[in-house]
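[1] with the sequence up front, the predicted model follows.
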Amino acid sequence: MEAVIALVTTLESSGIDRYSKELAKRIRVPTVETRRYLSLHQSFELLNNLRQSPHLIHFTSQHFGRYGLCLGKPYIITVHDLVRLCFPFAKETFPEKVGLKLDILGIKRARHIVAVSNCTKTDLIRYLSIPAAKITVIYNGVDRNVFKPVIGRRYDFPYLLYVGAERPRKNLSTLLAAFSLLKRSNVTPDLKLVKVGNAGRTIEFRRATLREIKRLGLDNDVIFVDNASDAELAMYYSSAIALVMPSLYEGFGLPLLEAMACGCPVIAADSSSLPEVAGDAALFFPPRDSLRLARLMHRLATEPALRSKLIGKGFERVMRFSWERAVQATLCLYQKIEAELFPRAQPDTEKQVSWGTVQPAMSSSELSKVPRGSPLVKR
């Protein structure tokens, strides 16, 4: 018997969803594409799809843990972070609390867990008491055909770049405070801060950001770009003085790699997974130290030699991360779990190759052709 695998992927636009799409582009297995949060009817539809044929399921997000509980089949689950445990929502609804508890139970019941960083693996052991042997660390990658240096400038003024949401754990307040200090030094009067990405879970995050900007007198110095294509994002990275990532907590931090691949220097908080991913190719600061951050931003705005050094280190660092490498490690895990589930099964080379090979990446347009009226699309 062969362990047929279904890859359950998501259709939104975040780091978790990029991971799902990159795996779906490259691995030849049945794929069920769905939204991260489903109605009760859509949840039953998803479970019915998954119960039909596959012997093994791979959920590409911890938010699908709740569905694993109801499957009655072995499954692998990828955990990107435990942010809901480390930084609980300020106001959680009853359904959110129940969903979190179910997801945690689903993570614990998984046959095996993929963690996207050693930081996430450590959190799984610490918060959920998951045995280390049950966790495999497989790093995310970056598509260097998309994220690469782009000739030309996005704006005719110098700018620092922030890519991400405005949730409290993103620590945007420290970045704004540091940027205010830098502006007051008047070293680069025309310097701007460009913020790419939507507000996050609630519009209140944007309101809080705007209040802080007004309080600091930065009304004319912060530019919001809520939506950007990958090609546009590569241009933002390529012409920025630096990417600043001040997060208090990240399970991985994909913008670090995207920036490095585009030749953009990186300044990051020395918290959670960020030092693990960036290595020696970034400048680090204590996440609440706005003065230290302001000094680092000042250095990159005024020291071309330092920028060049970091750009070179970034190009070297990013070579360690690729989606092809992530896919190969994922396929090895599938084979390991298959051997555990069916130890007496005779290997069928032809069938194994049908899912156990890396496929050329599908284009974004191909992957995004999903009917709006349907919560599920099965490939």
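    Yes, it's here. As the structure is a prediction and not an experimental result, all values here were calculated from the model. Numbering: from 1, shown residues only.

[2] run a quick neighbour tally on K148.
    By other CB atoms under 10 Å, the residues close to K148 number 14. (Each C-beta comes from the backbone N, C-alpha and C, glycine too.)

[3] that one - that's part of a strand, no?
    No: counting by DSSP: H, G, I helix; E, B strand; the rest coil, K148 is located in no strand; its state is coil.

[4] surely it touches C262?
    Yes: if you go by CB atoms under 8 Å, K148 and C262 touch, sitting 6.3 Å apart.

[5] spit out the residues that contact those two alike.
    A234 (CB atoms under 8 Å, 6 or more residues apart in numbering).

[6] now do the strands in the stretch 151-300 of the chain.
    159-163, 192-196, 222-225, 242-245, 266-269, 283-285 (DSSP state E, counting those that start in this stretch).

[7] quick one: mean pLDDT for stretch 186-200?
    Throughout stretch 186-200, pLDDT has a mean value of 89.

[8] could you dump the strands of the stretch 151-300 of the chain into JSON lines and include mean neighbour count?
    Shown next, in JSON lines, are these (neighbours: other CB atoms under 10 Å):
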{"stretch": "strand 159-163", "mean neighbour count": "23"}
{"stretch": "strand 192-196", "mean neighbour count": "21"}
{"stretch": "strand 222-225", "mean neighbour count": "16"}
{"stretch": "strand 242-245", "mean neighbour count": "27"}
{"stretch": "strand 266-269", "mean neighbour count": "28"}
{"stretch": "strand 283-285", "mean neighbour count": "21"}
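
[9] let's have those strands in JSON lines, adding distance to Q52.
    Putting those into JSON lines (distance: least, CB to CB, whole Å) gives the following:
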{"stretch": "strand 159-163", "distance to Q52": "39"}
{"stretch": "strand 192-196", "distance to Q52": "40"}
{"stretch": "strand 222-225", "distance to Q52": "42"}
{"stretch": "strand 242-245", "distance to Q52": "42"}
{"stretch": "strand 266-269", "distance to Q52": "44"}
{"stretch": "strand 283-285", "distance to Q52": "49"}
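
[10] how about the ones you listed, which one is nearest M319?
    strand 266-269 (15.2 Å; CB to CB).

[11] so how far is the strand or helix carrying S308 from its chain's centroid?
    Here S308 sits within helix 304-318, counting by DSSP states H and E. Taking the mean of its C-alpha atoms, helix 304-318 sits 23 Å from the chain's own mean (CA atoms, centre = their mean, to the nearest Å).

[12] is S273 in contact with S117, as I believe?
    Yes: taking contacts as CB under 8 Å, S273 lies within contact range of S117: 4.2 Å.
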